[in-house]
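> With the sequence up front, the predicted model follows.
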Amino acid sequence: MDSALGGLRVLDLSQDVSGTYCGKLLACYGAEVWKIEPPSGDPTRHIGASTSDGRTKPGALFLHLNTGKKSCTLNLDTERGQEILRRLAGGADIVIEDAGPGVMEERGLGYNDLSAANANLIYVSLSAFGSDGPYAGYQATQLTLYALGGYMYLTGDPDREPLQGPGHQPACLAGAHALAGTVIALWAREPGAGGQHVEVSEMESVAAAHQWTITRYNFAGVIQRRMGNRYDLTHPNTLYPCRDGYVAISVSTEKQAESFLLLVGQAELLEDKRFRGGLARLANADAFDEIVAPWFAERSKEEIVLLCQELRVPCAPVAEVDDVLEHEQLIARGFWREVDHPEAGRLRYPGPPFRMSDSPGQIGRAPLLGEHSAEIYEDGTGYSSDELARLREEGVI
Amino acid sequence: MAAALEGIRVLDLTRVWSGPLACRMLADFGAEVIRVEDKAARGPSRIPSAYARGSGFYPDGEAGERPWNRNGFLNKMNRNKLSLTVELDTEAGADVFRKLVATSDVVVENYSPRVMANFGLDYERLRQVKADLIMISMPGYGMTGPYRDRVAYGTTLEPEAGLSSLMGYPDRGPQRMGIAYPDPVAGIHAAGAVMLALWHRRKTGRGQHIDLAQIETAIGVVGEAFLEYQLTGERPERFGNGHATMAPHGCYPCKGEDRWLTLAVRNDREWQALCGVIGRPELANDVRFSTAEERRRHRDETDGHINAWTKDQDAASAMRVLQAAGIPAGVVSDAQQLATDEHLQAREFFPRLSHPDAGTYPYPGQPIHLSATPATFRTDAPTLGEHNEMLLRGVLGLSAQEYEALIEEGIICDRPPAPPRLEQD
């Protein structure tokens, strides 16, 4: 059984989460991904890194985002380094960069520069705001992108400040969009159409990943506000505290609402005008929760989930990270992959994000800094061994 | 140049958000995506006017003559697609579907795993009809394992995948994101998965089945948290709007009702610039704030100084001033600000589409920009069953008689059934 992207060569120049996540997905499904790092290493390498016994352990973010890649170092701020990258790009199928608008062009390594020598090249640029428009030159972090992309206003308690989301979601959404964009470009390349430039912005990736926020405003002037752990349009779609933690429950149809009220012993509420229909229950959610809360408080997560699921009411335990690592379903499906890393040791990594029956994904380990430099330069540049020795002496590689 | 995915036919059986989004991405790049809908898929033929007003899904809050064609939540997912109604739980309906599969490249479904099997339309059986078929199933828990038949929504999977424990106010419990976040995560990855399978088919001639468990995809986008736990043995701290290394890093109130600004200081130089912007240049030399670590320790004080400035500022103007000083800042945009955002407008992110029942509106566009084969916005969402005749007679070659028989037997339709009873408004 082979891999989907076997035989394709990717130069991953990413220095940020967005491009690095895209590169991880390409590596997972079989592409040969060469991570090109500055001599000091991808800055992500140092986030959360620790040193003990004189040895440096890379941080979790780096380990996760770079599974299955190979690494070489190259100083792209020198002319020789740029020349070497142009050589490498001549034999590559895909280049990924997330340096920000104009940075690669300044180095003579933009799409036009590299595609001139390799018409089949697919050049993938990820950035916070895209290469043009009023915010193109703006600085951004994940926090400011959660805010500008419209997620943050929807998140948190109504009477407190809005909240950012977990991890690096604007970047991951952009990286996942970039996976689709890259393979669409590959598909279009084949009939002789040549390569092209794929651009993805994080702000747009968030703005496109709204369920109904923008449409409800355009259609009816509705501006959705944050509502704690409740959800718009119906109730109960919320988290309830229970005996040993919290459960999430999501009633969306009236049939589910009926099943739920029968389950919690409140069938008479079916006749109560305050609770007839999702919008009415939401408007009276405080009163509703007061009535049902004792039922949850007396029961365990497991008990509640099983009772609800039996009635086809969506319900799940609220999990801490260690609960997720022990999650029965994930273990039964072999989701966690044990991967050994010479510096970080043996850890359980999240498996591929989807399972392809004929070209399954793989989770390899993240590379050491410059671990594959010799191999990459020999295979990728066409330099003779004398030339390579000289470049090494000069400190370019 | 032709659209990238011209000639690819996708059968979209999906519901709600994740699957429709995946198929919308493929449709934007030129795939022929056929919504395969049952007669009740868009709700009943009449809806309570209170819901039409309260939901915000209907233009101007009006259900109109054909509410099933006017629902913005459904329509925004289905631009560039065709609509075929067919009752898959009937023998004749399943037969029509199998014939269509024989002419198609991809089937996308997000039912719980037993549904397609109950229709007799699971992958093993459909590949008998089309040997190189690509099919993706995207249920909450995947196609195997002890939880496979459990019901789930994005709103239950998000906390189950651990995301809700990784965020929230420091003094409070787990927090959900305010949207059913695992849905778009699954949908966007699924579009990539279909493309990978198409690419694989081109090389090998073989189709395949993709099993996307939405809980697994959601875990992958916060994967570092699980490695961090194994490395440290500690559950991650709930930061609120803080950050492990950057400080200040937060959300600050501005002038007006519920107006907020986020800003992040990545290094000491940005801190010094911030002190100038907020009119407190002397703080730049204060040893209590000289490093990120110090600023985190004195977070209440730094936040107090920033609040004192932001509370009298217009959020958008403050963002521009901070950006001019090189400091990452962004307003907390609500729906109106997002829909009218000057940057998104300048980039023409919102295509305007016209619909016979819903009217003309802008919709969120496509964040993937391809220089040679760009996304196109050709048609608004189809009306229910709009392409029944074109697909069944034109593509499958049914006779007029056979086609009429399907209508009479209730296998295909162009309006949903009436509701059993209409709730009192």
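Happy to help now that I have it.
> contacting residues for B:Phe226?
A:Val321, A:Val324, A:Leu325, A:Arg348, A:Tyr349, A:Pro350, B:Gly162, B:Ile219 (C-beta atoms under 8 Å, 6 or more residues apart in numbering or on different chains). The way it works is simple: take the backbone N, C-alpha and C, and place the C-beta from them, glycine included.
> Quick one: end-to-end distance for stretch B:215-226.
Start to finish, the residues bounding stretch B:215-226 are 14 Å apart (C-alpha to C-alpha, to the nearest Å).
> next one: that stretch to chain centre, how far?
17 Å (C-alpha atoms, centre = their mean, to the nearest Å).
> Now do it, average pLDDT.
Throughout stretch B:215-226, pLDDT has a mean value of 98.
> same question, stretch A:379-393
Average pLDDT, stretch A:379-393: 84.
> Of the contacts of B:Phe226 - the most surrounded one?
B:Ile219 (30 neighbours; other C-beta atoms under 10 Å in any protein chain shown).
> Show me the two of the contacts of B:Phe226 that sit farthest apart.
Across these, the longest distance by C-beta to C-beta is 14.4 Å; it joins A:Tyr349 and B:Gly162.
> tell me which residues in the strand or helix carrying B:Lys203 are buried?
Element membership for B:Lys203 (DSSP states H and E) is helix B:182-204. Burial within helix B:182-204, assessed by neighbour count using 16 or more other C-beta atoms under 10 Å in any protein chain shown, is assigned to B:182-201.
> Could you do stretch A:30-43 as well?
A:Gly30, A:Ala31, A:Glu32, A:Val33, A:Trp34, A:Lys35, A:Ile36, A:Glu37, A:Pro38, A:Gly41, A:Asp42.
> Same list, the residues you listed, but as JSON lines with pLDDT, secondary structure and distance to A:Asp113 please.
Formatted as JSON lines, those follow (pLDDT from 0 to 100; DSSP: H, G, I helix; E, B strand; the rest coil; distance: C-beta to C-beta, whole Å):
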{"residue": "A:Gly30", "pLDDT": "98", "secondary structure": "coil", "distance to A:Asp113": "28"}
{"residue": "A:Ala31", "pLDDT": "98", "secondary structure": "coil", "distance to A:Asp113": "22"}
{"residue": "A:Glu32", "pLDDT": "98", "secondary structure": "strand", "distance to A:Asp113": "23"}
{"residue": "A:Val33", "pLDDT": "98", "secondary structure": "strand", "distance to A:Asp113": "21"}
{"residue": "A:Trp34", "pLDDT": "98", "secondary structure": "strand", "distance to A:Asp113": "18"}
{"residue": "A:Lys35", "pLDDT": "98", "secondary structure": "strand", "distance to A:Asp113": "21"}
{"residue": "A:Ile36", "pLDDT": "97", "secondary structure": "strand", "distance to A:Asp113": "15"}
{"residue": "A:Glu37", "pLDDT": "96", "secondary structure": "strand", "distance to A:Asp113": "20"}
{"residue": "A:Pro38", "pLDDT": "94", "secondary structure": "coil", "distance to A:Asp113": "19"}
{"residue": "A:Gly41", "pLDDT": "91", "secondary structure": "coil", "distance to A:Asp113": "25"}
{"residue": "A:Asp42", "pLDDT": "92", "secondary structure": "coil", "distance to A:Asp113": "22"}
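> Just give me the closest of these to chain B.
Distance to chain B, by C-beta to the nearest C-beta, is smallest for A:Gly30 among these, at 8.8 Å.
> I'd say the closest one and A:Val183 touch.
No. Using C-beta atoms under 8 Å, A:Gly30 is not in contact with A:Val183, being 11.7 Å away.
> How about the contacts made by A:Gly181?
By C-beta under 8 Å, 6+ apart, the neighbours of A:Gly181 are A:Val124, A:Val198, A:Val200, B:Ile368, B:His369, B:Leu370.
> re the thing from before, next SSE after the helix holding B:Lys203?
Past helix B:182-204, the next helix or strand by DSSP H and E is strand B:208-211.
> now what about whichever helix or strand comes after that following strand, what contacts it?
Later in the chain than strand B:208-211, the nearest helix or strand by DSSP H and E is helix B:214-220. Outside helix B:214-220, the residues within contact range by C-beta under 8 Å, 6+ apart are A:324, A:329-330, A:333, A:335, A:350-351, A:353-354, B:18, B:138-142, B:152, B:154, B:157-158, B:160-163, B:181-183, B:185-186, B:189, B:226.
> picking that back up, mind putting the contacts of A:Gly181 into CSV with secondary structure?
What follows is the contacts of A:Gly181, written out as CSV (DSSP: H, G, I helix; E, B strand; the rest coil):
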residue, secondary structure
A:Val124, strand
A:Val198, strand
A:Val200, strand
B:Ile368, strand
B:His369, strand
B:Leu370, strand
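> could you redo these as TSV and give each row pLDDT, distance to B:Pro417 and neighbour count?
Converted to TSV, the contacts of A:Gly181 look like this (pLDDT from 0 to 100; distance: C-beta to C-beta, whole Å; neighbours: other C-beta atoms under 10 Å in any protein chain shown):
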residue	pLDDT	distance to B:Pro417	neighbour count
A:Val124	98	47	29
A:Val198	98	44	29
A:Val200	98	42	29
B:Ile368	98	38	28
B:His369	98	42	21
B:Leu370	97	42	21
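> Return the subset of the contacts of helix B:214-220 lying in helices.
Counting by DSSP state H, these place A:324, A:329-330, B:18, B:154, B:157-158, B:160, B:182-183, B:185-186, B:189, B:226 in helices.
> Export the residues you listed as TSV, with columns for distance to B:Ala273.
Output for those, formatted as TSV (distance: C-beta to C-beta, whole Å):
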residue	distance to B:Ala273
A:Val324	40
A:Gln329	49
A:Leu330	45
B:Ser18	42
B:Gly154	40
B:Leu157	41
B:Glu158	37
B:Glu160	42
B:Pro182	38
B:Asp183	39
B:Val185	35
B:Ala186	41
B:His189	39
B:Phe226	37
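> Looking at these, which is nearest B:Gly394?
Looking across the ones in helices among the contacts of helix B:214-220 and measuring by C-beta to C-beta, the closest to B:Gly394 is B:Ser18, at 30.2 Å.
> right, and that closest one touches B:Asp183 too?
Yes. Counting by C-beta under 8 Å, B:Asp183 is a contact partner of B:Ser18 at 4.3 Å.
> Pick the one among the ones in helices among the contacts of helix B:214-220 closest to A:Tyr135.
Nearest to A:Tyr135, judged by C-beta to C-beta, of these is B:Val185 at 24.3 Å.
> Which elements pack onto the least confident helix or strand in chain A by mean pLDDT?
Lowest by mean pLDDT, DSSP states H and E among the helices and strands of chain A is strand A:50-52, with a mean of 74. Packing contacts for strand A:50-52, counted by 3 or more C-beta pairs under 8 Å, 6 or more residues apart in numbering or on different chains; DSSP states H and E, involve strand A:55-57.
> With just CA atoms, put the helix or strand just after the strand it packs on into CSV.
Counting by DSSP H and E, the element after strand A:55-57 in chain order, helix or strand, is helix A:60-65. Presented in CSV, the C-alpha positions along helix A:60-65 are these (Å, rounded to 0.1, in the frame of the first residue of the first chain):
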residue,chain,number,x,y,z
ALA,A,60,5.7,20.0,22.5
LEU,A,61,4.5,22.4,19.7
PHE,A,62,7.6,21.7,17.6
LEU,A,63,7.4,18.0,18.1
HIS,A,64,3.7,18.0,17.1
LEU,A,65,4.0,20.2,14.1
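> roughly how far out does the next helix or strand after helix A:60-65 sit from the chain middle?
Remark: after helix A:60-65, the chain's next helix or strand is strand A:70-73, criterion DSSP H and E. Relative to its chain's centre, strand A:70-73 lies at 22 Å (C-alpha atoms, centre = their mean).
> Check which strands are paired with strand A:70-73 and give the direction for each one.
Using DSSP bridges, strand A:70-73 pairs in its sheet with strand A:32-37 (parallel).
> Can you show me the CA trace of the partner strand as PDB?
Only the C-alpha atoms of strand A:32-37 are listed here, as PDB (Å, rounded to 0.1, in the frame of the first residue of the first chain):
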ATOM      1  CA  GLU A  32       9.000  14.100   1.300                       C
ATOM      2  CA  VAL A  33       9.000  17.300   3.300                       C
ATOM      3  CA  TRP A  34      12.400  19.100   3.700                       C
ATOM      4  CA  LYS A  35      12.200  21.600   6.500                       C
ATOM      5  CA  ILE A  36      14.600  24.400   5.700                       C
ATOM      6  CA  GLU A  37      15.700  26.000   9.000                       C
END
